[in-house]
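Peer 1: Structure for the following, please:
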Amino acid sequence: MKKYCLLLLLIPLFAFQSHKYYLSLTKVDYIKDSKSVQITARIFIDDLETALNDKNSRSFELATKQESKDVDKYINMYITDLLKVTINKKATSFNYLGKKYETDVVYLFAEIENISEIKSIEIQNRILVDQFDEQQNIIKLNINDKKKSFILSKESDKDLLKF
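Peer 2: Numbers count the residues shown, from 1 in each chain. Here you go, the predicted model:
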């Protein structure tokens, strides 16, 4: 009976254990008609919160009523520092458009404007790799009607594709 009671007490603890895999997904779509590159990054909320807290020595509480009104400024600085996109051998800058929360994930939206064509694209994604050694950043590209995917990590944080 004691074992049964102990088991009943431990089960809830396992249910609230944090996730053990560290993964983000970044979609990069070239929209030829609008001459823009649209970027959507999908990141676990708790992981981004940890990264922002570490980087800024603050206590952010994302997706809560206590969320700081200036959190978008800090998210923008964070992704601008750690996500680099080079198109046709030229460094680009993107406009951070905002975020959307969904369950335990945050979607971050950004756009690069005035891109008339893409012959090559290099993506460096160091998001979360300083916080989590096991972090993997999946990149899914849809450029010139060609779809490519690759995985970036701390050891290999960028890749170049030519079209």
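Peer 1: Pull out the buried residues from the helix or strand that Ala110 is a member of.
Peer 2: For Ala110, the element it lies in under DSSP states H and E is strand 105-112. By neighbour count on 16 or more other Cβ atoms under 10 Å, the buried set for strand 105-112 is 105-106, 108, 110-112. Bear in mind the C-beta positions are built from the backbone N, C-alpha and C, glycine included.
Peer 1: can you pull out the helices in this protein?
Peer 2: Listed in chain order, the helices of the chain (DSSP state H) span residues 2-15, 45-56, 71-82.
Peer 1: got any ranges where this structure has weak pLDDT?
Peer 2: For the chain, the stretches with pLDDT under 70 are 1-19.
Peer 1: which residues in it form strands?
Peer 2: Listed in chain order, the strands of the chain (DSSP state E) span 23-31, 36-44, 83-87, 90-91, 95-102, 105-112, 120-125, 136-143, 146-153, 158-162.
Peer 1: circling back to that earlier point, by contact count, what packs against the strand holding Ala110?
Peer 2: Secondary-structure packing of strand 105-112 (3 or more Cβ pairs under 8 Å, 6 or more residues apart in numbering; DSSP states H and E): strand 36-44, helix 45-56, helix 71-82, strand 83-87, strand 95-102.
Peer 1: Tabulate those in JSON lines, adding columns for distance to Asn142 and mean neighbour count.
Peer 2: Output for the helices and strands packed on strand 105-112, formatted as JSON lines (distance: least, Cβ to Cβ, whole Å; neighbours: other Cβ atoms under 10 Å):
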{"stretch": "strand 36-44", "distance to Asn142": "9", "mean neighbour count": "20"}
{"stretch": "helix 45-56", "distance to Asn142": "24", "mean neighbour count": "18"}
{"stretch": "helix 71-82", "distance to Asn142": "20", "mean neighbour count": "16"}
{"stretch": "strand 83-87", "distance to Asn142": "14", "mean neighbour count": "19"}
{"stretch": "strand 95-102", "distance to Asn142": "18", "mean neighbour count": "13"}
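Peer 1: Could you export those as a markdown table, including distance to Ser120?
Peer 2: Listed next are the helices and strands packed on strand 105-112 as a markdown table, based on distance: least, Cβ to Cβ, whole Å:
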| stretch | distance to Ser120 |
| --- | --- |
| strand 36-44 | 13 |
| helix 45-56 | 29 |
| helix 71-82 | 21 |
| strand 83-87 | 7 |
| strand 95-102 | 22 |
